[in-house]
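**Student:** structure for the following, please:
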Amino acid sequence: MVSTSLAVFVALVTAVSDPLTGLGWAWPVEQVRVVRPYEAPAHAYGAGHRGIDLASTEVVRSPADGHIAFTGDVAGRPVLTIDHGGGLVTTLEPVDSDLAVGDAVARAAPVGHLAPGGHTAPGTVHFGVRLDGEYINPLRLLGGVPRAVLLPCC
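**Tutor:** Predicted coordinates for the structure are as follows:
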């Protein structure tokens, strides 16, 4: 009885997919290795890690079509922000870029180079995503985050 109920539950969870996974975003680095995962804060001002840190080669790419919303230093770190429309905005740091605010960028197109500094470990780029002003896990746009499934214990 338990296994039948569990199978139905798993099927329902699988059927309800995250609408963000189908947007076709690309990783902002060529070879993907997550160095530090997303850690949701308990509240808007709580501790957490509002993005993922990726080991990076030199070139950083746009994860989706968009327009440059900001490029410059924030607290001494070179930051690049891309507005993708639909309430989705990405932030990449530390990234030096020759692009200007308003420039159009295409999915997977180079947008800058990894710079020294930032709050990440050397050789890594921080990739943050906001949806309607709230930080979300970037993995939701890159194939999804596995949903938690409760299993029977005994």
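
**Student:** give me the pLDDT for residue 23.
**Tutor:** You'll see residue 23 listed with a pLDDT of 89.

**Student:** for residue 45, see how far away residue 56 is.
**Tutor:** 29 Å (C-beta to C-beta, to the nearest Å). All C-beta atoms are positioned from the backbone trio N, CA, C, and that covers glycine.

**Student:** buried stuff in stretch 36-45?
**Tutor:** The neighbour-count check on stretch 36-45 (16 or more other C-beta atoms under 10 Å) flags residue 38 as buried.

**Student:** show me where this structure has strands.
**Tutor:** Applying DSSP state E to the chain gives strands spanning 34-36, 52-55, 59-61, 66-74, 77-85, 88-93, 95-96, 104-105, 110-114, 124-131, 134-136.

**Student:** pLDDT of the last one, averaged?
**Tutor:** On average, the pLDDT along strand 134-136 is 92.

**Student:** residue 77 touches residue 117, doesn't it?
**Tutor:** Yes - using C-beta atoms under 8 Å, residue 77 is in contact with residue 117, at 5.4 Å.

**Student:** tell me which of these two has more neighbours.
**Tutor:** More neighbours surround residue 77 than the other of residue 77 and residue 117, with 17 against 14 (other C-beta atoms under 10 Å).

**Student:** quick check: chain neighbours aside, which residue is closest to the more buried one?
**Tutor:** residue 118 (4.6 Å; C-beta to C-beta, 6 or more residues apart in numbering).

**Student:** looks like that neighbour contacts residue 126 (just checking).
**Tutor:** Yes - Residue 118 is within contact range of residue 126, at 6.5 Å (criterion: C-beta under 8 Å).

**Student:** give me the common contacts of the two.
**Tutor:** 93, 94 (C-beta atoms under 8 Å, 6 or more residues apart in numbering).
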